[in-house]
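Visitor: requesting a structural model of the entry that follows:
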Amino acid sequence: MVATYEYVCAECGRFDIRSPIGAARPQLACPTCHADARRVFSPPMLGLLPKPWAALAQQEEQSGDEPAVVSQIPPKAGRTQAAVHPALAQLPRP
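Guide: Reported below is the predicted structural model:
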């Protein structure tokens, strides 16, 4: 049986190679520039997913190779202030 394996070249980007199952190497020469390309793992048959799910799967996959850079501390995820009933506003607070 033959499977499709995905590789990524730093210069040329992603490309696919069809090879017998279990015979894929961790690195392979890029067919365009002949530089070393590393094997990447991707879920099979991603094209059959609904578009929103496919976008999320693609975003998750990219975060492993190219994580988003955080430039500032995220805001606190505190509770929002609920409107206080006027009768309760006069009660003593602990």
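
Visitor: which element, helix or strand, includes the residue positioned nearest the centre of the chain?
Guide: Residue closest to the mean C-alpha point of the chain, counted by CA atoms, centre = their mean, is residue 60 at 1.8 Å. Assessed by DSSP states H and E, residue 60 sits inside helix 51-65.

Visitor: now the helices for this structure?
Guide: For the chain, the helices defined by DSSP state H occupy 51-65, 86-89.

Visitor: what pLDDT is listed against residue 65?
Guide: Model confidence at residue 65, expressed as pLDDT, equals 69.

Visitor: same deal with the one 10 residues further on?
Guide: Note for residue 75: predicted pLDDT of 78.

Visitor: shouldn't residue 19 be in contact with residue 3?
Guide: Yes: counting by CB atoms under 8 Å, residue 19 sits close enough to residue 3 to count as a contact (6.7 Å). Any C-beta I mention is one placed from the backbone N, CA and C, and that applies to glycine too.

Visitor: ok so, going back, of the helices of the chain, flag the one that's most buried.
Guide: For the helices of the chain, ranked by mean neighbour count under the definition mean count of other CB atoms under 10 Å, the leader is helix 51-65 at a mean of 11.

Visitor: packing partners of it?
Guide: Packing contacts for helix 51-65, counted by 3 or more CB pairs under 8 Å, 6 or more residues apart in numbering; DSSP states H and E, involve no helix or strand.

Visitor: I'd like the numbering to begin with 46 instead of 1 from here.
Guide: Let's use 46 as the start, then, which means that last one is helix 96-110.

Visitor: mind checking how far residue 119 is from residue 69?
Guide: Remark: distance between residue 119 and residue 69 (CB to CB, to the nearest Å) = 39 Å.

Visitor: with neighbour numbers in mind, choose between those two.
Guide: Per other CB atoms under 10 Å, whichever of residue 119 and residue 69 has more neighbours is residue 69, with 16 against 6.

Visitor: excluding covalently adjacent residues, which one is nearest to the more buried one?
Guide: Spatial nearest neighbour of residue 69, excluding adjacent residues (CB to CB, 6 or more residues apart in numbering): residue 50 at 4.2 Å.
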